[in-house]
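Engineer: sequence plus the predicted model coming up.
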Amino acid sequence: MTADVDRVRLELQRAQHEQTAPLMMAVANFISIGLLGALEWIRHPGVPVAAWVLLHIALWVPYVVREAWVRRQPKPDLVSWSRWWQVTYALSAVMWGLETISFFDVDDPLWTALRLVFFAGMGVVSVVAFANDFSFLRMAALTAIPQAVLMFLTRDLLHFVMGSGLLIYMALCIVLTLRLNRMLTRSVELRFESEDFAQTLQVEKARVEDAYRSKARFLAAASHDLRQPLHALSLFVELLAARVTDPTQRAFVDRIDLSSRALGGLLNALLDLSRVDAGALKPNLTHFPLSELLHELEGEVAGAAERKNLALEFKPTTLVVESDRELLGRVLRNLLANALRYTPAGTVTVEARLEGGKVLLSVADTGLGIPPEAQEKVFEEFFQVGNPERDREQGLGLGLSIVRGICRTLEYRLTLISEPQRELGTELLVEVPLGDAARVIEPVSLRPAADPGFQGRCVLVLDDEKDVRDGMSALLESWNCKPLCAGSFAEASALLNTSQVPDAVICDYRLPDNMNGVMAIERLEQQVGKRLPTLLVTGDTAAGRIRELKQSGYPVLFKPALPGKLRAALSALLSAPAPPGRGSG
């Protein structure tokens, strides 16, 4: 606190220093001294008046000269200046007090009144100019009090009234000085508090930004490193399932498959949630027809709805939206998963309608509904209605939290409507910008026109993870392909010098030796002199990396990729008349 007081005092001294410019002080004091000296000379010409004027002016000359020199310095010593100022102003107050005592005339009340007016004017100027350091208090004590005492000693009613008026006036000036000083002090304190708060805010902002960047780097590394073994696991589970025929053993394999898929789903959910919290989701807005996304979602959830004997209704639409297709797909997938999980019987309906220039996406169910007191909590992480035991089959309680985070990122309004007392179920509405059909870009399709068969097809697998290479090699062999496996660009280049040109390439994006998949494929194409049908597979889910992958023009799968998706993507590559061009997407 002492440091704060000293800081405020120094700032007040700085303000006082700026107000007491040498020229201003010289003009103000010399005029005041000269004017009163001239008036006194008219009444009492002589040495005393001349001596008072000369001594008083001589008192201020050194201060003015020194101050003019100090102000030329790049960093004036305010503490030294303040001491010099206090001494000079105190001696000046003494000189004014001597003038009051020496030239007081009891026989001329008119002159006394004129002097009072003169000193009253000086008092007002001093209050305004020197409220920072209470200099006026010395002036008032050394000028007003002696005059008032002399007036009271005359025992004259007129002088008594003037003396009393002088004291009252000076008392009011002192009160005003104290108030102005408090106001000035408080204003400086508030300014410093504001500056300190702004500085603290900048420091905290930088710390938060650093934390976000660190979290984003961690998420990128965690996403890649955790998805790699999961991807290999999914490949080996597929191979194991193809070789196991015993029903008992097959049941165990199916449980392993379900557990690995659940682990992949958990990883995706946690990473999505962390990316939302870290602000790492960067939307890639495009114009696309909703019908494609809804048709894809219908195929994904139809089996789950059938197993629960639920009616699933996707109402047809021709609307085009402007959004991030992947993020909007995650929102709808989570809403659909929630609706199917908590609807014991009835219907789940998905529709899109145009309202107020916006596309309103609705996912509605005929479930039990959500109590009013829980309708805000359902968007919190890990909160679930009616699942205190944390039954994993009822989900993790992250879906709606991720939905809200993505909607905030995309700046979409999310509305929940549920009336459990009327048994109308729950409806969630997402407001999405309307798109322009003329700006729709056809995506690169992973669906084959027809399965060409893989018999004898040569496929190059370029991945730095040995487990992934081994799993892909065995899986491709089970599909009657001829696999070529390499862990780096150098190995792949050497393979192509001694082997046939591959019919397709499955390439990891992150490769050793500071090389990525796109760079490796470009060099391999230069080596063989032809375009290579390529599928990029990656465990990187950072927003910047996703944009790079989309701009590459190659079809992309994210690890862990299910074998069924891998087969469909490979079929699309092998059945296409020409490889997809780079930079088209």
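Structural biologist: Now that the structure is in, tell me what you want to look at.
Engineer: name the element the most centrally placed residue in the chain belongs to?
Structural biologist: Centroid-nearest residue in the chain, with CA atoms, centre = their mean: Glu209, separated by 7.1 Å. Assigned by DSSP states H and E, Glu209 falls within helix 157-243.
Engineer: Gln73 belongs to a helix, doesn't it?
Structural biologist: No - read with DSSP: H, G, I helix; E, B strand; the rest coil, Gln73 is coil and lies in no helix.
Engineer: ok so, going back, now the helix holding Glu209: how far from the chain's centre is it?
Structural biologist: 14 Å (CA atoms, centre = their mean, to the nearest Å).
Engineer: next: stretch 564-574.
Structural biologist: 41 Å.
Engineer: CA atoms only: put it into CSV for me.
Structural biologist: Below are the C-alpha coordinates for stretch 564-574, written out as CSV (Å, rounded to 0.1, in the frame of the first residue of the first chain):
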residue,chain,number,x,y,z
GLY,A,564,-15.6,-51.1,-44.2
LYS,A,565,-14.9,-47.5,-44.9
LEU,A,566,-11.4,-48.4,-46.1
ARG,A,567,-12.8,-50.9,-48.5
ALA,A,568,-15.3,-48.5,-49.9
ALA,A,569,-12.7,-45.8,-50.3
LEU,A,570,-10.3,-48.2,-52.0
SER,A,571,-13.1,-49.4,-54.3
ALA,A,572,-13.8,-45.8,-55.3
LEU,A,573,-10.1,-45.2,-56.1
LEU,A,574,-9.8,-48.3,-58.2
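Engineer: in it, what counts as buried?
Structural biologist: Residues of stretch 564-574 classed as buried: Leu566, Arg567, Ala568, Ala569, Leu570, Ser571, Ala572, Leu573, Leu574 (neighbour count, 16 or more other CB atoms under 10 Å). For every residue, glycine as well, the C-beta is placed using N, CA and C.
Engineer: distance to Glu322 and pLDDT for these - can I get that in TSV?
Structural biologist: Supplementary listing: the buried residues of stretch 564-574 in TSV, determined by distance: CB to CB, whole Å; pLDDT from 0 to 100:
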residue	distance to Glu322	pLDDT
Leu566	31	84
Arg567	33	86
Ala568	28	84
Ala569	27	85
Leu570	32	87
Ser571	31	87
Ala572	27	83
Leu573	30	83
Leu574	34	83
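Engineer: just the ones in helices from those residues, please.
Structural biologist: Leu566, Arg567, Ala568, Ala569, Leu570, Ser571, Ala572, Leu573, Leu574 (DSSP state H).
Engineer: ok, of those residues, which one's closest to Leu335?
Structural biologist: Checking these against Leu335 with CB to CB, the nearest one is Ala568 at 25.2 Å.
Engineer: now do the residue of the chain positioned farthest from its centre against Leu158, distance only.
Structural biologist: Here the centre of the chain is the reference, and by CA atoms, centre = their mean the most remote residue is Asp107, at 78.7 Å. Per CB to CB, to the nearest Å, Asp107 is found 12 Å from Leu158.
Engineer: show me what contacts Val244?
Structural biologist: Residues in contact with Val244 (CB atoms under 8 Å, 6 or more residues apart in numbering) are Arg250, Val253.
Engineer: revised request: answer the last question for Leu336.
Structural biologist: Leu336 makes contacts with Leu297, Val301, Val348, Val350, Val363, as judged by CB under 8 Å, 6+ apart.
Engineer: burial count for Gly425?
Structural biologist: For Gly425, the count of nearby residues is 23 (other CB atoms under 10 Å).
Engineer: show me what contacts it?
Structural biologist: Gly425 sits next to Thr343, Gly346, Ala364, Asp365, Thr366, Gly367, Leu368, Gly369, Ser418 when contact means CB under 8 Å, 6+ apart.
Engineer: any chance of JSON lines for those residues, columns secondary structure and pLDDT?
Structural biologist: As requested, the contacts of Gly425 are exported to JSON lines (DSSP: H, G, I helix; E, B strand; the rest coil; pLDDT from 0 to 100):
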{"residue": "Thr343", "secondary structure": "coil", "pLDDT": "85"}
{"residue": "Gly346", "secondary structure": "coil", "pLDDT": "88"}
{"residue": "Ala364", "secondary structure": "strand", "pLDDT": "89"}
{"residue": "Asp365", "secondary structure": "strand", "pLDDT": "87"}
{"residue": "Thr366", "secondary structure": "coil", "pLDDT": "86"}
{"residue": "Gly367", "secondary structure": "coil", "pLDDT": "80"}
{"residue": "Leu368", "secondary structure": "coil", "pLDDT": "76"}
{"residue": "Gly369", "secondary structure": "coil", "pLDDT": "75"}
{"residue": "Ser418", "secondary structure": "strand", "pLDDT": "82"}
